[in-house]
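# have a look; sequence and predicted model below, questions after that.
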Amino acid sequence: MSRMPAAVERRGARDRSALIAAYREGLGLAAVVVTCGPAGISVSALGQGTGGAPDAAAVEVRWWCRRAADAERVASAAMRRLRRRDSRAGGAPAAPQCVSSPASGDGSDALALAAEAIAGAAKRLNIALLSNEEVAADAMTVAARVDEEIERLQRSGDLKSVNKSYRAYRLEMSARGEKTLRYAEWMDKYRGNLVRQLAAALRYV
């Protein structure tokens, strides 16, 4: 059963993705990803805004850690375990950062081994891993709180300060000769910033 509040489940996929990304950024989550290519299987850590990140289409599996250093430790430990297994099996990885896929497998075996190595590394290091689904559900819970507060302000007529900020934004963009966002689009960004701020407040909770 989904953990997402019904109201946020009705959001479009694009809107949900933006809010989830804002939540991850605010919380400072770092990813442990498994990629699969011609050279074999690779496990790596990706922090927020990491340059040179693999193409999203190449990422087969992804987990999240609360700290970038923890993601690095898990990824390194998992790769060491995979290399040892690969060496015992007589594999010959094409690149130092990869290990070969099982000769008899169709790719799913290799991914299962990588997932097992990551889970084992996290357990040994006592580092909690979050799935995409868990992060998305938590992000939508925070987004629902933001929506409830905005609705409360609308009902009480206290949204004036927000509307004033939008007018100031329009004036600033007009003065620069730049295109302004429509109110609904600006509110989406405003909502995303609030989600990011709330997530940042949860970093050390």
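Yep, it's here. Note that the structure is predicted; figures quoted are calculated from it, not measured. Numbers count the residues shown, from 1 in each chain.
# what's the nearest residue to Leu111 if we skip its chain neighbours?
Nearest non-adjacent residue to Leu111, counting by CB to CB, 6 or more residues apart in numbering: Glu60, 5.5 Å away. Backbone N, C-alpha and C define where each C-beta goes, glycine included.
# tell me which helix or strand that neighbour sits in.
strand 59-65 (DSSP states H and E).
# circling back: wait, the residue nearest to Leu111 touches Ala112, no?
No. Shown here, Glu60 and Ala112 do not form a contact pair, counting by CB atoms under 8 Å, at 10.7 Å.
# pick out whichever of the two has more residues nearby.
A count of neighbours by other CB atoms under 10 Å puts Glu60 above the other of Glu60 and Ala112, at 18 against 13.
# how much space between that one and Ala110?
For Glu60, the distance to Ala110 (CB to CB, to the nearest Å) stands at 9 Å.
# where does the protein have its least confident helix or strand?
Of all the helices and strands that make up the chain, the one with the lowest confidence by mean pLDDT, DSSP states H and E is helix 6-9; it has a mean of 55.
# phi, psi of the nearest residue to Ala119 once chain neighbours are set aside?
Nearest in space to Ala119, with sequence neighbours left out and distances taken as CB to CB, 6+ apart, is Leu129 at 7.2 Å. Here is the backbone geometry of Leu129 (degrees, to the nearest 10): phi -110, psi 140.
# what does the pLDDT read for Leu129?
At Leu129 the predicted local confidence, pLDDT, stands at 96.
# same question for the one 3 residues further on.
Turning to Asn132, the model gives it a pLDDT of 92.
# you'd agree it is up against Arg62?
Yes. Under the criterion of CB under 8 Å, Asn132 lies in contact with Arg62, with a separation of 6.0 Å.
# more neighbours: which of these two?
More crowded of Asn132 and Arg62, by other CB under 10 Å: Arg62, with 16 against 13.
# quick one, what contacts that one?
Under the criterion of CB atoms under 8 Å, 6 or more residues apart in numbering, the neighbours of Arg62 are Ala31, Val32, Val33, Val34, Asn132.
# what are the pairing partners of the one helix or strand the fourth one maps to, and which direction each?
Meaning Val34. Using DSSP H and E, the element containing Val34 is strand 30-37. Sheet pairing for strand 30-37, assigned by DSSP bridges, gives strand 40-46 (antiparallel), strand 59-65 (antiparallel).
# out of these, which is the most enclosed?
Per-stretch averages of neighbours, counted by mean count of other CB atoms under 10 Å, single out strand 40-46 among the strands paired with strand 30-37, with a mean of 22.
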